[in-house]
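**Q** Prediction below, plus the sequence it came from.
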Amino acid sequence: MPTTPDRPDGRPAGPEDEFDATEAALSAARETVPVDARPASPERRAIRAAVPERGGRPSDDRETTVTAEPDGRPTVPLDNATRETVDLDRAALGRRPTVKLPGQRQPMPPAGRAPLAVAAGFATLWAALLSYLPVFAVVGLARTLEGAGGLGGAAQAGLAGWLLGHWVPIGTSIGPLALAPLLLTILATWRLNRAGLHVTRAIGARRSGSPGIALRVAAMIAVAYAILGWLAALVVDGPGTEVSAARAALNFFLLGLIASLVGALRGTDGLATLARRMPAPVRHGVRTGVVSALLLVAIGGALAGLSVAFGAGQAADMIAAYRTGVAGQAGITLLSLAYGANAAVWAASYLLGPGFLLGADSAVRLTEVSIGPLPTLPLLAGLPNGPVGAAGAVLLAVPVLVGMSAGWLLTRRLSHGRGHGAPKHPVQGGPVRPGEPPHHSAQAPWSRVIGAALIAGPVTGLVLGVLAWLSGGALGNGRLAEIGPVPWSVAVVATAVVGVSTTIGAAAARAFRAGPSRG
């Protein structure tokens, strides 16, 4: 049970305290009679309580008077002699169990920010390892099962493939190998993008909105990545393989700078800052052009996959022709998959019309297929056997439909007020529900719609032209020295086709809009 603490002067608080009775009387008076601080009146009554001395004997000369305003309620005089007292057993109280309350947990000190050089170094090394290990695993497994060397040879061969994925030519006895597997390039780009994002968080620059910080992060990652590429080139360069260390450092620096800059801009919200500074037609036009290019590449990848699936029998015969065992056949299959991204870009060029090359004096187009002897790769089983017939017109309509769809999406985005700078005018008609903001007009200005659509065409051409250039290369000095689409041809055709079709789609959506969407 709770006990009354001792007085500050050391005297015990209990029934022997001379002030107990007075305090009890005051408490009882407060509970039964409202205290009135008004001046005394003759009608007030006095409640007197005798205060006992320390020995327990009552004292007549000490008394406490409490006055209360009568309000018609009966009052009862207090008699301290008849009140019961309770003797507290202090020994029993001392034996009662106690519970120790835990101390208040102190807040954790804020984590310190990592230095930029340290964070960039660790993030770049981790990104490089994650993009290199798959190549090393595949090459090492194939060489080990075939008895072609130990882990040292597998590590060097894996580094050569890793360098090739960064467009670093590998000099061999048959000529330079410069056809980069874009799937490996995509993996390296993705890891560098994540490295830029992680470094911005590590240095405390997340959501700072500063493009300058993002550029410094990307530059530091690019320098570290260039050093790794330079070291890898020095290891690979030797008898039978010639690699330029300077070329490797330059390629690694450029890829590291571009890929990590995108991730750093995402981490610092620098992309949003740059987007707000751009005019609305330019911003929406760039977005639409990039979406159109990626959509064309995706459709090209689907077409390439279907073509290989239809030629599955021929692909199986190609794999069996190597007679290298399970490990060798698995390696050939994985090699074909690594160049699957290249095939997607080539198929997009095929749909646009320019097509692609598979060696000197060769052409693979909708209207012409002329090729010579080719390497035995399962991926090549999806090549067309000749010019397409009536179905060719349907394939030529695919880029047009992609552009029109992109234009329609562009108009919807502008009409619904998404993005900065969207027009907002009250809608004529259309009830507004309680608690909802008023609807806004879906009538985007013609200048913004047409301007963004015209910008989308050159952006699509630029993106596809760069992808066509990156997807091509050489396999030696023979007739396979020219492989892939012609970049400038793809860029020009894509600009014209997508630019016109996007403008038509955007204008049609703007002219024949049924009405604003209701939220």
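**A** Nice, thanks for sending it over.

**Q** Is there a neighbour count for R207? I'd like the number.
**A** If you count neighbours by other C-beta atoms under 10 Å, R207 ends up with 12. C-beta here means a position set from N, CA and C on the backbone, and glycine is covered the same way.

**Q** For the stretch 201-350 of the chain, give me the ranges with low pLDDT.
**A** Applying pLDDT under 70 to the stretch 201-350 of the chain flags residues 324-325, 327-328.

**Q** go again using 80 as the cut-off
**A** By pLDDT under 80, the weakly predicted segments of the stretch 201-350 of the chain are 319-332.

**Q** how about the helices in it?
**A** 211-236, 245-268, 270-277, 280-310, 312-320, 325-338, 340-352 (DSSP state H, counting those that start in this stretch).

**Q** Any idea which of the ones you listed gets closest to G476?
**A** For G476, the closest of the helices of the stretch 201-350 of the chain is helix 325-338, at 16.0 Å, according to C-beta to C-beta.

**Q** Can you list the buried residues in the closest one?
**A** A327, G328, Q329, A330, G331, I332, L334, L335, S336, A338 (16 or more other C-beta atoms under 10 Å).

**Q** give the contact list for the residue lying closest to A298 once chain neighbours are set aside.
**A** In space, and not counting its chain neighbours, A298 is closest to A344: 7.5 Å by C-beta to C-beta, 6 or more residues apart in numbering. When contacts are counted by C-beta atoms under 8 Å, 6 or more residues apart in numbering, A344 touches V297, A298, G300, G301, A304.

**Q** what's the neighbour count on the residue found closest to A245 once you drop the neighbours it is linked to in the chain?
**A** In space, and not counting its chain neighbours, A245 is closest to A233: 4.1 Å by C-beta to C-beta, 6+ apart. Neighbourhood size, A233 [other C-beta under 10 Å]: 25.

**Q** ok, A233 touching V243?
**A** Yes. Assessed by C-beta atoms under 8 Å, A233 is found in contact with V243 at 4.5 Å.

**Q** Common neighbours of these two, please.
**A** Common contact partners of A233 and V243 (C-beta under 8 Å, 6+ apart): L163, V168.

**Q** check contacts around A348.
**A** With contact taken as C-beta under 8 Å, 6+ apart, A348 is in contact with L296, V297, I299, G300, L464, L467.

**Q** which of the residues you listed tops the neighbour count?
**A** Comparing those by number of neighbours (other C-beta under 10 Å), L464 comes first, having 31 neighbours.

**Q** what sits against it?
**A** L464 neighbours (C-beta under 8 Å, 6+ apart): A293, L296, V297, V345, A348, S349, L352, V490, A491, A494.

**Q** what about the last one, which helix or strand?
**A** Per DSSP states H and E, A494 falls inside helix 487-511.

**Q** With V168 instead?
**A** Counting by DSSP H and E, V168 is part of no helix or strand.

**Q** Correct me if wrong: it contacts R247.
**A** Yes. Look at V168 against R247 with C-beta under 8 Å: they come within range, at 5.9 Å.

**Q** what touches both of these two?
**A** Shared contacts of V168 and R247 (C-beta under 8 Å, 6+ apart): A233.

**Q** Pick out whichever of those two has more residues nearby.
**A** A count of neighbours by other C-beta under 10 Å puts V168 above the other of V168 and R247, at 25 against 17.

**Q** List just the nearest of the buried residues of helix 325-338 to W446.
**A** Distance to W446 across the buried residues of helix 325-338 (C-beta to C-beta) is lowest for A338, with 46.9 Å.

**Q** Is that closest one in contact with P181, as I believe?
**A** Yes. A338 sits in contact with P181 when judged by C-beta under 8 Å, with a separation of 3.7 Å.

**Q** What residues sit buried inside stretch 250-266?
**A** Across stretch 250-266, burial judged by 16+ other C-beta under 10 Å covers 250-253, 255-257, 259-266.

**Q** sorry, that was for stretch 461-474
**A** 461-465, 467-474.

**Q** Out of those residues, list just those in helices.
**A** Among these, DSSP state H puts G461, L462, V463, L464, G465, L467, A468, W469, L470, S471 in helices.

**Q** which one among the buried residues of helix 325-338 gets closest to A128?
**A** Using C-beta to C-beta, the buried residues of helix 325-338 come closest to A128 at A338, 17.7 Å.

**Q** Could you give the number of residues near L197?
**A** 22.

**Q** returning to that earlier point: quick one: the residue nearest to A298 from A293, how far?
**A** Look at A344 and A293: by C-beta to C-beta, to the nearest Å, they are 12 Å apart.

**Q** Equivalent analysis for M318, please.
**A** To A293, M318 is 31 Å away according to C-beta to C-beta.
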